[in-house]
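Q: The sequence and its predicted three-dimensional model are supplied below.
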Amino acid sequence: MTKKKVTVVAKTGLHARPANMLIKEAQRYQSTVEIAVDGNIFDAKSLLGILAAGVNCGMEIEILCNGPDEAAACEGITKLIESGMNE
Amino acid sequence: MQGHGVSKGLCYAKVLVLDEEALIFPSEIGCPEEETEIFWAARADVLKKTIELRDRASNLAEAAAEILDVHCSLLEDKGLLEPIQSTIDGGAGAAAAVEQVMNGLIRQFEGMENTYFSQRALDIKDIKENLIRRILKIEKEDISCLPEPTIIAGKDITPSTTAAMDTEKVVGMLMEMGGASSHTAILAKTLDIPAIVGIKGLLGEIQTGQYIGFDGATGEVFTHLNETEIADLQARISRQQEENDRRNALAGKKAVTRDGVAQELWGNIGSPADADKVLLRGGTGIGLFRSEFLYLASDILPDEEKQYLAYKQVLEFMGEKPVIVRTLDIGGDKEVARLQGSKEENPFLGVRAIRLCRRETAVFHTQLRALLRASVYGNMKIMFPMISSLEELRWAKEQLDICRKQLDERQIPYIEKLPIGIMVEIPAVAVCAEQFAAECDFFSIGTNDLTQYALAADRGNKEITDLCTWFHPGVIRLIQMTITAAHKKGISCGMCGEAAGDPKMLPLLLGLGLDEYSMAASAIPEIKELMGKLEIGACKKLAEQILQLSTAAEVEQKLDGWFSSQITCF
């Protein structure tokens, strides 16, 4: 399992559009991709999962990847979140 | 049947009942395998349609395409599909399973504090409705393209429904709910479509496909007519058409009182297409361009380009003639789901118009930039609605400055000195009108809201339509104070509320010295004809007498009596 903590910089948090970008990135990998928010785990390949997490701007989340390409998945997701997702 | 006639005119046509009631699920369902098949077929269909819409939208508006792409992702989301499947496996019908699972999600999202998240409940509602309609094979009534002249009827016809309707083919509107100045009523007037609201038991009496007639002036609905009655009604309809044609022939003539004082007679419009009607009826300007239509007509917020093109179209069409554009007035009874947060207890006293714009500055800036860009194409004035304090007016002007700078950076031209005005519709502003007049270029009195706010009488509530009257001496005094203050500070004062097109009010308004009258295009010819029969001097005396009266009934009686004595002289 590869884990990494990252702070969400997208201005409006992980709402519809950024969340949609995130799941599309997550779905590219074979590994399971999840995010931990305040101790709860959400499936990062499900839009409803990401939206239900209710991540606002400035919150720290942990990315949890498990599978054959977990390192690449973790790096790809981190980069995307750190980029601010054009918000 | 009888209701409140809100937009004059006779009509006779086929009726279409808009069914906005809840969908009814079948009580008999198949085995889980059959229901599973029904669900997945429906889901595949809805997904395919959504993808098509998304791809079509991507050429036009990025924001629209992005929202539709979110819908596609949701339709492919196992977080949605798996619970529905297991609910069906548990013995529920496909439609009921969708309803149950998605309602749970809707509640979950509605409970979220951040509006960006709680707004997602609307996306889920949208998808839910599409899925259920597909499962039950119930098409949504599409009124944007109708095959023949049609009267639309409903319990309530919402502004977003009317914004999307085929205005060429809709010849009448009937509603169970609503009062005389509900927005749907005003819209019908603007579009010059006969309408009656507040008809008790309407939907129990009529059915889609049935021919019915009604009189928008008296509020009478005629069902089950015999042949003679139909012929009689149709004869009256053609006489009405002749009378309209005669009045339209006055279009080229100037609006002048009998003693030769020229008056400004302008039209209110709700979309670029209405400008044509104003010119046809002889209006010499647009006193109120309601910019909400762009927001109400679709679920997706209009971008700068779309707005710019709409404003430009009207300005170019009107040429030298002035066009007052009112910035976004959402809230009250006009809802735009994408912009508004939770339901308010008192929407008319809540986050409405400029108040909403102060929370959604990006949306306001988009509109202001579109307006500034369009300004070079004609004679534009900008008007801010629901101003209740000077801070709001100053804030709005600051935002305009910010937008000017943004356009400077993009090297886009605009007119530097655009006249900036405010709607006077909150009693406190009428009382302090002099202070406001010192900081803007014109006033426009919105009598519908001014009346409802001054008298604490909801204009959409049919139980109290008798209380909500601009003949109330308090309302008349507020109008008088506003006009006097404007003139003292050297700015003009117009009126774009319904009262400006009320023949009975005309002599009083002429007497009070109103500078500009803006009304539904259909009212222009009649008001112009009446103006030609009135003298300013006599109207001034009348206004003085009216200001001495103490009840609405006395005012109305005085105007009635005076009106008939003056008009019958000629």
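A: Alright, I've got the coordinates.
Q: CA only for contacts and neighbour counts going forward, please
A: Fine.
Q: which regions of the stretch 151-300 of chain B sit below the pLDDT cut-off?
A: B:158-164, B:179-183, B:297-300 (pLDDT under 70).
Q: Show me where chain A has its strands.
A: Residue ranges of the strands in chain A, as given by DSSP state E, are A:2-7, A:32-37, A:40-43, A:60-66.
Q: Would you mark the buried spots in the second one?
A: For strand A:32-37, the neighbour count (16 or more other C-alpha atoms under 10 Å in any protein chain shown) marks A:Thr32, A:Val33, A:Glu34, A:Ile35, A:Ala36, A:Val37 as buried.
Q: got the angle for that strand vs strand A:2-7?
A: Calculated by axes from the mean of the first three to the mean of the last three C-alpha atoms, to 10 degrees, strand A:32-37 forms an angle of 40 degrees with strand A:2-7.
Q: so what secondary structure elements neighbour strand A:32-37?
A: The helices and strands touching strand A:32-37, judged by 3 or more C-alpha pairs under 8 Å, 6 or more residues apart in numbering or on different chains; DSSP states H and E, are strand A:40-43, strand A:60-66.
Q: try the shortest one
A: Contacts of strand A:40-43 with other secondary structure elements, assessed using 3+ C-alpha pairs under 8 Å, 6+ apart, are made with strand A:32-37, helix A:47-53.
Q: The first one: partners in the sheet, and parallel or antiparallel?
A: In its sheet, strand A:32-37 lies beside strand A:40-43 (antiparallel), strand A:60-66 (antiparallel), with partners assigned from DSSP bridges.
Q: of all those, which gets the most neighbours per residue?
A: Among the strands paired with strand A:32-37, strand A:60-66 has the highest mean neighbour count (mean count of other C-alpha atoms under 10 Å in any protein chain shown), at a mean of 20.
Q: Identify the residue nearest B:Cys507 in space, chain neighbours excluded?
A: Quick fix: residue B:507 is Pro, not Cys. B:Cys539 (5.3 Å; C-alpha to C-alpha, 6 or more residues apart in numbering or on different chains).
Q: Would you confirm that the one you found contacts B:Gly511?
A: Yes - the pair B:Cys539 / B:Gly511 is scored as a contact, 4.3 Å apart, by C-alpha atoms under 8 Å.
Q: what's the burial count for B:Asp276?
A: Neighbourhood size, B:Asp276 [other C-alpha atoms under 10 Å in any protein chain shown]: 15.
Q: From B:Asp69, how far out is the residue nearest to B:Pro507?
A: According to C-alpha to C-alpha, to the nearest Å, B:Cys539 and B:Asp69 sit 61 Å apart.
Q: Check B:Thr190 too.
A: From B:Thr190 to B:Asp69 the distance is 36 Å (C-alpha to C-alpha).
Q: any weak-confidence spans in chain A?
A: A:87.
Q: Looking at it, what residue ends up closest to chain B?
A: A:Ser46 (5.6 Å; C-alpha to the nearest C-alpha).
Q: Now do the closest residue to that residue other than its chain neighbours against B:Gly331, distance only.
A: Distances taken as C-alpha to C-alpha, 6+ apart place B:Asp77 nearest to A:Ser46, at 5.6 Å, with adjacent residues excluded. In this view, B:Asp77 and B:Gly331 are 34 Å apart by C-alpha to C-alpha.
Q: Please apply the same query to B:Glu391.
A: Using C-alpha to C-alpha, B:Glu391 is found at 20 Å from B:Gly331.
Q: The two: which is more packed in?
A: More crowded of B:Glu391 and B:Gly331, by other C-alpha under 10 Å: B:Gly331, with 22 against 10.
Q: Name the residues of the helix or strand where B:Leu81 lies that are buried.
A: In the assignment (DSSP states H and E), B:Leu81 maps to helix B:78-89. The neighbour-count check on helix B:78-89 (16+ other C-alpha under 10 Å) flags B:Lys78, B:Gly79, B:Leu80, B:Leu81, B:Pro83, B:Ile84, B:Gln85, B:Thr87, B:Ile88, B:Asp89 as buried.
Q: Let me know the next secondary structure element after that helix.
A: Per DSSP H and E, the first helix or strand lying C-terminal to helix B:78-89 is helix B:94-110.
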